[in-house]
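Trainee: requesting a structural model of the entry that follows:
(one chain, ligands or ions: 4)
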Amino acid sequence: MTYKVKEIFYTLQGEGTHAGRPAVFCRFASCNLWTGREKDRARAICQFCDTDFVGTDGPGGGKFATADELADAVLSHWVADGGERMVVCTGGEPLLQLDKELVEAFHAREFYVAVETNGTILPPPGVDWLCVSPKAGAPLAVQGGDELKLVYPQRDLSPTEFESLEFPSLKLQPLDDDNRVANTAAAVKYCLDHPRWQLSLQTHKMLGIP
Ligand SMILES: C[S@@+](CC[C@H](N)C(=O)[O-])C[C@H]1O[C@@H](n2cnc3c(N)ncnc32)[C@H](O)[C@@H]1O
Ligand SMILES: Nc1nc2[nH]cc(C(=O)O)c2c(=O)[nH]1
Ligand code: SF4
Ligand SMILES: [Mg+2]
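Mentor: Numbers count the residues shown, from 1 in each chain. Ligands and ions are numbered 1, 2, ... in the order given. Here you go, the predicted model:
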């Protein structure tokens, strides 16, 4: 299996439960809910994406012929001493490509393997942290995980419908668009009114880091 990766970079996890934790991000190319091209955005299932995941031309990106090759490339970005290594597999949609072999290759290099997914594809075994971010109009295949991180608000998607699924942590992440300030206020109010939900902010954007 050849893995197509847009970029690999070392930064702080900006979102969710692990916010603030150093991690290598492995951003896989391609998504099943949008082509990634602006001309297709208005017709896409997921229309609010904030990410360029097209191609393999980003820093550290490329085509990797084997799981070992990609895991070695990710390891080469872990430049620090001490602490548990973490890799965040994202994209694009990482579960189009992340397989058991690659999870095992990360584990062999002592990485804690976290995944950011839209929840439409089942994960391979062995993932250590599964963060599911459902999208309106996309059938949810993954009914449980470590964290459900709902971008809010989304038309036709109420947080209530996810409360019966198997997620110990429920997060609302304000939609970053032209209404970011109002969306953030609405997410704060929703959490205050429904305390099972907690706020997730995209702290890397505030910090100006990748
Ligand atoms: C770029 S996605 C890649 C992973 C996967 N395809 C997914 O959607 O979960 C990474 C995270 O950013 C979130 N996200 C994308 N665009 C956003 C936006 N405009 N505002 C807030 N969060 C956004 C997604 O919901 C997801 O939690
Ligand atoms: N710092 C940082 N944290 C993140 N958490 C999830 C991200 C993503 O794009 O999946 C992301 C990202 O792009 N940067
Ligand atoms: S599912 Fe994720 S990667 Fe795909 S378009 Fe939506 S936010 Fe972007
Ligand atoms: Mg991002």
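Trainee: hey, let's count contacts and neighbours off CA atoms from now on
Mentor: Will do.
Trainee: what strands line up against the strand ranked longest in the chain, and which way round?
Mentor: Looking across the chain with DSSP state E, the single longest strand is strand 3-12. With DSSP bridges as the test, strand 3-12 is paired with strand 22-28 (antiparallel), strand 62-64 (antiparallel).
Trainee: what does the protein put close to ligand 1?
Mentor: Residues of the chain found near ligand 1 (CA under 6 Å from any ligand atom) are 48-51, 90-93, 116-118, 132-133, 151, 173-177.
Trainee: recalculate using a threshold of 8 Å.
Mentor: Within reach of ligand 1 by CA under 8 Å from any ligand atom, the chain has these residues: 27, 31, 48-51, 90-94, 115-119, 131-135, 149-152, 173-177, 202.
Trainee: what subset of those residues is buried?
Mentor: The neighbour-count test (16 or more other CA atoms under 10 Å) applied to those identifies 27, 31, 48, 90-94, 115-119, 131-135, 149-152, 173-176, 202 as buried.
Trainee: so stretch 61-73, near ligand 2 or not?
Mentor: No: under the criterion of CA under 8 Å from any ligand atom, stretch 61-73 makes no contact with ligand 2; the nearest approach is 14.3 Å.
Trainee: ok, and what's touching that stretch?
Mentor: 1-8, 56, 60, 101-102, 105-106, 109 (CA atoms under 8 Å, 6 or more residues apart in numbering).
Trainee: determine which two of those are furthest apart.
Mentor: The distance between the two most remote of the contacts of stretch 61-73 (CA to CA) is 23.4 Å, for 56 and 109.
Trainee: does residue 59 really touch residue 9, like I thought?
Mentor: Yes: counting by CA atoms under 8 Å, residue 59 does reach residue 9; the two are 7.4 Å apart.
Trainee: more neighbours: which of those two?
Mentor: The neighbour count for residue 59 versus residue 9, taken as other CA atoms under 10 Å, is higher for residue 9 (20 against 11).
Trainee: please name the bridge partners of the residue nearest to residue 117 when sequence neighbours are not counted.
Mentor: Once flanking residues are discounted, residue 117 sits nearest to residue 132: 5.1 Å by CA to CA, 6 or more residues apart in numbering. Beta-bridge partners recorded for residue 132 (DSSP bridges): residue 117, residue 148.
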